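Student: The following block contains a protein sequence and its predicted model.
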Amino acid sequence: MTDLHDDSLDLPEQHRVRLAKRARLLAEGRDPYPVSVPVTHTIAQVRAAHPDLEPGAETDDVVGVAGRVVHLRNTGKLCFVSLADGAGERLQVMLSLAEVGEESLEAFKDDVDLGDHLFAHGRVISSRRGELSVLADDWQLAAKALRPLPTLHKESSEENRVRRRYLDLIARPAAREMVRVRSAVVRSLREELHQRGFIEVETPILQTQPGGAAARPFVTHMNAYDIDLYMRIAPELFLKRAVVGGIERVFELNRIFRNEGADSTHSPEFAMLEAYQAYGDYQTVATLVRELVQAAAVAAFGSTTVTLADGTEYDVGGDWPQIEMYSATSEAMGTTITPETPLEELMTLADAAGLEVNPAHVIPGKVSELLFEHYVGDHLVEPTFVLHYPVDTSPLVRAHRSQPGVVEKWDLYVRGVELATGYSELVDPVVQRERFEAQALLAAKGDHDAMRVDEDFLEAMEHGMPPMGGFGMGLDRLLMALTGQGIRETILFPLVKPR
RNA sequence: GGGCCUCUAGCUCAAUCGGUAGAGCAGCGGACUUUUAAUCCGUGGGUUGUGGGUUCGAGCCCCACGGGGCCCA
């Protein structure tokens, strides 16, 4: 084409051809990007209105529809074009010489490419082969695509899937399904919590002091005050302040940020649900979490039995077993460990299991947890609550009411992955201060994940925090559990390194 | 952080022992009034991730770097 400038010559041929078409349309006074087109029906509505039209049948229904061109077939004086809507629903449009005339048909052949958005107006009919169609009497380009659609018959490479998710959504039904499932799950979680009297709040994402979890934060800078701020690693300490203020059932479902690795189970930003219930305890919230997960499965799939990506079925229905961390680990190892087992003995067991212990993690509770994960946690298939963790790894949890050395905490394991954690929350400000100080010592020894003393939070607590149960559940993890997909498939636009 | 695999046309992938870089879809030109990834005839398209090295000769072998994936920690 002669009307292209030099700097467009390194573009792929298909891109150049489409740019030229756009320029030609503009020169002819025909807008390749009209403000609107007179759509009267969605593709889904047309399909729903004519569920079983006989092959060759014609109706008097006149509709205006629009969608992305995903197939083009030209048999000379008759063109077939398949339009797709955002849900992947398709509808065929037929352009016949007899209906639109020679000029319009030639323009269609010259102007319309795969990937364009097209508007068509005409009667709803069924083709000879029984394909529901709009027999166009008029058509108009709704938006010109300058780049070609990828081949729709093959899945994109892993990299292109996440870098150009919009193409993945166009080409792959499972990608669209994940968006629908995630939305259904989020909506279900909110509705179930609202039904139980929980109030949703939004707490600070930019914090002067990160807290509420053991994780490394992202650091950012605020110019106006010239201070460093942290992206939150958990909403916990603010939600508890809300409970102190009288919001007795409170939750937040939003993004948190952890400056750690990114792999098939970890994303640096992910969605977390945390909820706190005054006058409840760890068993109250265990029941709550089970009900939320089961309701989410039903909302997304219509059943508590879900089909995973590998085709296997997985049932999250019914009651879920509860096991105790120390006794389950002892049983699996054949050696009894308790919260009183000396560190040296635990280290010997860790060595025997071939576990490498990070020097910052050489405390009895952490080593016991590593043993648990190795011998038990990784093998838990059905949804299981693991109860009663060591005190020294759970600085925000209250001590067990009768068992010494452990706290009233559970971790929920689903297919070997930690899905959620729940506590009888620590509400004694004096004990909380001691726990923070013990954490600060660990931080001084080089544990980047250790918590720091949060005076502002302690002051809130000193005004009287009611007894409560609380839990946290990763939304992305929940979707992984219910679908069997990797975390990057559950996140619409995961972070990808720039090329 | 460690190990392994991978990067070739717009997309998805081939290329034997180191010897002229190919296919399908998409594109371009043409035929065709009921197609369904339409069909038929003709045809263009490449800095093989980047930078070095070995070699008469590198998509292929070696080194470094970058992107992606899997496994381990």
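Tutor: Happy to help now that I have it.
Student: For residue A:318, the count of nearby residues, please.
Tutor: Residues within reach of residue A:318, counting by other Cβ atoms under 10 Å, total 11. The C-beta positions use only the backbone N, C-alpha and C, and glycine is treated the same way.
Student: Could I get the pLDDT score of the nearest residue to it once chain neighbours are set aside?
Tutor: Leaving aside its chain neighbours, residue A:318 sits nearest to residue A:304 (7.8 Å; criterion: Cβ to Cβ, 6 or more residues apart in numbering). Residue A:304 is assigned 95 on the pLDDT scale.
Student: Kindly report the same for residue A:39.
Tutor: 97.
Student: tell me the contacts of the residue nearest to residue A:318?
Tutor: Residue A:304 is in contact with A:294, A:297-298, A:315-318, counting by Cβ atoms under 8 Å, 6 or more residues apart in numbering.
Student: so which of those residues is the most crowded?
Tutor: Highest neighbour count within the contacts of residue A:304: residue A:297, with 25 neighbours (other Cβ under 10 Å).
Student: got the residues of the stretch 301-450 of chain A near RNA strand B?
Tutor: Residues of the stretch 301-450 of chain A that fall close to RNA strand B, judged by Cβ under 7 Å from any atom of the strand: A:355-356.
Student: Which residues of the stretch 1-150 of chain A lie near RNA strand B?
Tutor: So the stretch 1-150 of chain A meets RNA strand B at A:12-14, A:17, A:71-78, A:80, A:82, A:92, A:94, A:96-98, A:113-114, A:127-131, A:133, A:147-150 (Cβ under 7 Å from any atom of the strand).
Student: filter the residues you listed to the buried ones?
Tutor: Burial by neighbour count, judged by 16 or more other Cβ atoms under 10 Å, picks out A:17, A:72, A:80, A:82, A:92, A:94, A:96, A:113-114, A:127, A:131, A:133, A:149-150 from those.
Student: Okay, and which of those residues map to helices?
Tutor: residue A:17 (DSSP state H).
Student: ok, residue A:332 touching residue A:376?
Tutor: Yes. Judged on Cβ atoms under 8 Å, residue A:332 makes contact with residue A:376 at a distance of 5.1 Å.
Student: quick one, which of these two is more surrounded?
Tutor: A direct count of neighbours by other Cβ under 10 Å for residue A:332 and residue A:376 places residue A:376 higher, at 21 against 15.
Student: could you point out the longest helix in chain A?
Tutor: helix A:173-195.
Student: Any buried residues in that one, and which?
Tutor: Quick answer for helix A:173-195 (16+ other Cβ under 10 Å): A:175-176, A:178, A:181-182, A:184-186, A:188-189, A:192-193.
Student: Also stretch A:461-471?
Tutor: Within stretch A:461-471, the residues scored as buried using 16+ other Cβ under 10 Å are A:461, A:465, A:468-471.
Student: sorry, back to before: state the pair within the contacts of residue A:304 that is farthest apart.
Tutor: Using Cβ to Cβ, these reach their maximum pairwise distance at A:298 and A:318, which is 13.2 Å.
Student: State the pLDDT value of residue A:476.
Tutor: We note a pLDDT of 91 for residue A:476 in this prediction.
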